[in-house]
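> need a structure here:
(one chain, ligands or ions: 1)
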Amino acid sequence: MQFLKWAWALFVFLFLTAVTQIGGVIYWLSLFLGRWTDTLSKKRWIRAVYRLASFFILYGLATFLLVPLLARPLGRVPLPLRETHSLQPLNGMSCLLNRHYVRADLRQTAFAVAEQMNERFPETKINYLDANFPFFNGFPLLPHLSHNDGKKLDLAFCYRDSKTGEASNGSPSFSGYGVCEEARAEEKNTADFCAQEGYWQYSILTKILSQSKKADYVFDAERTKALVELYASDPKVGKIFIEPHLKSRLGLNSDKVRFHGCGAVRHDDHIHVQLK
Ligand SMILES: [Zn+2]
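Predicted coordinates for the structure are as follows:
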């Protein structure tokens, strides 16, 4: 039994570390704290509630107070929790899971681009997706292997409401991933090409994430093109990944806009930006 207990604790530690970076350490701390909270009641279910509560309280304090303070001198800052300079998280879970950290110069660029988008297209807010964890170069933000140095940021495309035709700040995907603006019949179909080459993972997100809101939105080519071009015009930005058929459809000429390769996942659901 003791072995099973330790194996379970190790599994939870590894899982929380992979998903939130700091969650595993917080879990261990809450286990130690549990030795004290266990003395407060004889009822098993009350003890379990205390343990769970101590984990969530410690995790919340660390995520929102301690981690931003520690990450800054080590070179990373959090992106905003709520709309700031027209930049916002598409899904608050990114912030809750500590997946919204970037280098300060990338945050500066992200604010500047979002503000320019808002000036050019009033009411526009730019939705950011996964960025990086707060600490350690080389620690990947799964499933994105390259998001490991504070220099990477994913952004949602811009959309229009399919019923009204009005510009929207929403997204057909809950997470911002997996709902794609596919290649038309006459366009280069990279997803098919990569599948034929044997890269089974290339379109995996389209199969596991909900497509139920896809019909509610249409891809906004004009604003998405402007968004990519604004990032491309920043000298600090080194590469931007978007699916090849969208690069040609939008007429994106910058040589920073590249194909990411079949070894990654498709990028006709979001934009990936990285610093030099
Ligand atoms: Zn990315």
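> Tell me the spacing between Ile22 and Glu83.
As judged by CB to CB, to the nearest Å, Ile22 and Glu83 stand 25 Å apart. C-beta: built from backbone N, CA, C; applies to glycine.
> Up against the ion, what does the stretch 51-200 of the chain have?
Where the stretch 51-200 of the chain comes near the ion, counting by CB under 5 Å from the ion, the residues are Asp154.
> quick one: which of Ile22 and Glu83 has more around it?
Neighbours per residue, other CB atoms under 10 Å: of Ile22 and Glu83, the larger number sits with Ile22, 21 against 14.
> how close does that one get to Arg99?
The gap separating Ile22 from Arg99 is 11 Å, by CB to CB.
> What of Leu66?
Distance, Leu66 to Arg99, by CB to CB: 17 Å.
> Pretty sure Leu153 sits in a strand.
Yes: the assignment for Leu153 by DSSP: H, G, I helix; E, B strand; the rest coil puts it in a strand.
> OK, contacts around it?
The neighbours of Leu153, taking CB atoms under 8 Å, 6 or more residues apart in numbering as the test, are 79, 102, 106, 110, 128, 131, 272-274.
> Could you check which residue of the stretch 1-150 of the chain lies nearest the ion?
Nearest residue of the stretch 1-150 of the chain to the ion: His144, at 5.0 Å (CB to the ion).
> now do the stretch 51-200 of the chain
Of all residues in the stretch 51-200 of the chain, Asp154 sits closest to the ion, at 4.2 Å by CB to the ion.
> So that residue sits against Ser171, correct?
No: here Asp154 does not reach Ser171: they are 12.0 Å apart, not a contact under CB atoms under 8 Å.
> that older thread, Glu181: which of the contacts of Leu153 is nearest?
Using CB to CB, His272 is the member of those that sits closest to Glu181, with 14.9 Å.
> So the closest residue to the ion within the chain, which state does it fall into?
Nearest residue of the chain to the ion (CB to the ion) works out as His272 at 3.4 Å. Under three-state DSSP, His272 falls in the strand class.
> OK, contacts around it?
So His272 contacts 152-154, 239-242, 260 (CB under 8 Å, 6+ apart).
> beta partners of the residue of the stretch 1-150 of the chain closest to the ion?
His144 has these beta-bridge partners by DSSP bridges: Leu141.
> Is it correct that it is in contact with Lys152?
Yes: in this structure His144 lies within contact range of Lys152 using CB under 8 Å: 7.1 Å.
> Looking at these two, which one has more neighbours?
Counted by other CB under 10 Å, His144 and Lys152 do not tie: Lys152 has more neighbours, with 22 against 19.
> count of neighbours near the closest residue to the more buried one other than its chain neighbours?
Residue nearest to Lys152 in three dimensions, not counting chain neighbours: Gln274, with 4.8 Å by CB to CB, 6 or more residues apart in numbering. Look at Gln274: counted by other CB under 10 Å, it has 19 neighbours.
> The contacts of His272, buried ones only, as a PyMOL selection?
Buried members of the contacts of His272, defined by 16 or more other CB atoms under 10 Å, are picked up in PyMOL with:
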select buried, resi 152+153+154+239+240+241+242+260
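> so which one among the contacts of His272 has the lowest pLDDT?
Among these, His260 carries the weakest pLDDT, at 90.
> pretty sure that residue contacts His267?
Yes: the pair His260 and His267 qualifies as a contact (CB under 8 Å) at a distance of 6.0 Å.
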